[in-house]
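give the three-dimensional model of this entry:
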Amino acid sequence: MNILITGASGFIGKQLVNRLAGVHHVICLSRRTFVADVTFVQGSFDSVEDLSGLDDYEIDVVIHLAAVTGGCTEEEGLAVNVLGTRRLYRYLLDHGCKRFLTASSIAAVGGLDDYFIPLELPIPDDHPCLATDAYGLSKAMVEQLTHYFHRKHTDTDFINLRLGAVANEDWLPPVVELESGMSVPFIVLGHVYASDVVEGMISVLEAPLKPGVRNYNLVGPDISSNIPAAEVLVSLLGDAYNLVYYHFPGNEYKPLYAMDRIQTDYGYVPIRSTRRYQH
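Coordinates of the predicted model:
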């Protein structure tokens with residue numbers, strides 16, 4: 001396949017490039033150059049002039065990683081993440097691309113607000129946006145953008161991966177201490193290692209094209225806490241919330257975000273624990 005990767009110079013992007021180079025024709029669009037055996041186009045995904053640098057390439061799939069991240073202003077989130085992605089995807093659709101893999105975020109449902117409360121637990125892949133921050137809003141709006149484009153191009157395949165807080169491979173989870181409280185707990189408790197993100201993306205990429213729009217949560221295989229999920233959640237939500245799922249044997253440390261669908265549809269299960277084990 002001819003695969004375009006935006007944000008290819010980031011730490012997820014570099015790992016993805018290394019895994020795909022030599023197997024597929026990889027085209028990297030990035031503002032920063034780096035050494036890799038791939039085709040490199042320097043530029044920003046939200047620039048019409050820079051996108052013209054892709055004119056000579058036939059692109060089958062895009063893996064869209066580039067974005068402004070948490071803490072961005074409304075202006076940045078909407079201008080870059082939403083309008084920039086619209087510009088990129090319109091360009092690719094007009095040039096025949098059929099498959100779009102977008103790095104969304106668990107922040108699309110909320111979570112970057114200390115007082116966020118999900119509608120249900122585990123949080124489903126299609127949980128609606130309750131975000132009060134510009135970044136989460138922008139990611140949810142990009143997901144809606146993919147629905148819009150699919151309505152106009154019904155033969156296209158849009159996958160939105162709601163990634164957890166992505167950690168470097170040497171990251172060690174902090175010890176959770178309920179007495180001291182946590183800021184943005186639904187983000188802190190939903191980490192995922194970059195290697196699991198890369199393997200998850202490749203599992204999706206190598207599956208047959210299936211027209212439609214689908215959201216999938218992708219976090220670590222368990223809660224990022226040394227304390228069982230039910231105990232943590234009671235401290236956050238009180239004991240009136242239905243936590244029966246986390247009381248079933250084997251579910252004590254299950255993540256706060258449901259991942260049954262990505263396993264059913266692509267056979268993918270993240271493997272590297274983001275829970276700090278106590279001895």
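
can you give me the helices in the stretch 101-250 of the chain?
For the stretch 101-250 of the chain, the helices defined by DSSP state H, counting those that start in this stretch cover 134-152, 185-188, 194-205, 229-237.

what packs against the shortest one?
For helix 185-188, the contact count by 3 or more C-beta pairs under 8 Å, 6 or more residues apart in numbering; DSSP states H and E identifies no helix or strand as a packing neighbour. For every residue, glycine as well, the C-beta is placed using N, CA and C.

who's in contact with that helix?
106-107, 110-112, 114, 116, 118, 123, 164-165, 182, 224, 232, 236, 256 (C-beta atoms under 8 Å, 6 or more residues apart in numbering).

farthest pair within the residues you listed?
By the measure C-beta to C-beta, A107 and V232 form the most distant pair in the contacts of helix 185-188, at 19.0 Å.

contact partners for the spatially most central residue of the chain?
Among the residues of the chain, the one closest to the centroid is L163, at 2.8 Å (C-alpha atoms, centre = their mean). Neighbouring residues of L163 by C-beta under 8 Å, 6+ apart: A103, S104, S105, I106, V192, V197, L218, V219.

so where is this protein shaky, pLDDT-wise?
Scanning the chain for pLDDT under 70 picks out 35-36, 277-279.

just the strands in it please.
Counting by DSSP state E, the chain has strands at residues 2-6, 25-30, 39-42, 61-64, 99-105, 157-163, 165-167, 191-193, 212-218.

of all these, which one is nearest E74?
So among these, strand 99-105 is nearest, using C-beta to C-beta, at 16.3 Å.

for that closest one, list the C-alpha coordinates in PDB.
Extracted C-alpha coordinates of strand 99-105, given in PDB (Å, rounded to 0.1, in the frame of the first residue of the first chain):
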ATOM      1  CA  ARG A  99      -9.000   4.800   3.900                       C
ATOM      2  CA  PHE A 100      -8.500   7.200   6.700                       C
ATOM      3  CA  LEU A 101      -7.100   6.200  10.100                       C
ATOM      4  CA  THR A 102      -7.300   9.200  12.500                       C
ATOM      5  CA  ALA A 103      -5.600   9.500  15.900                       C
ATOM      6  CA  SER A 104      -8.400  10.800  18.000                       C
ATOM      7  CA  SER A 105      -8.300  10.800  21.800                       C
END
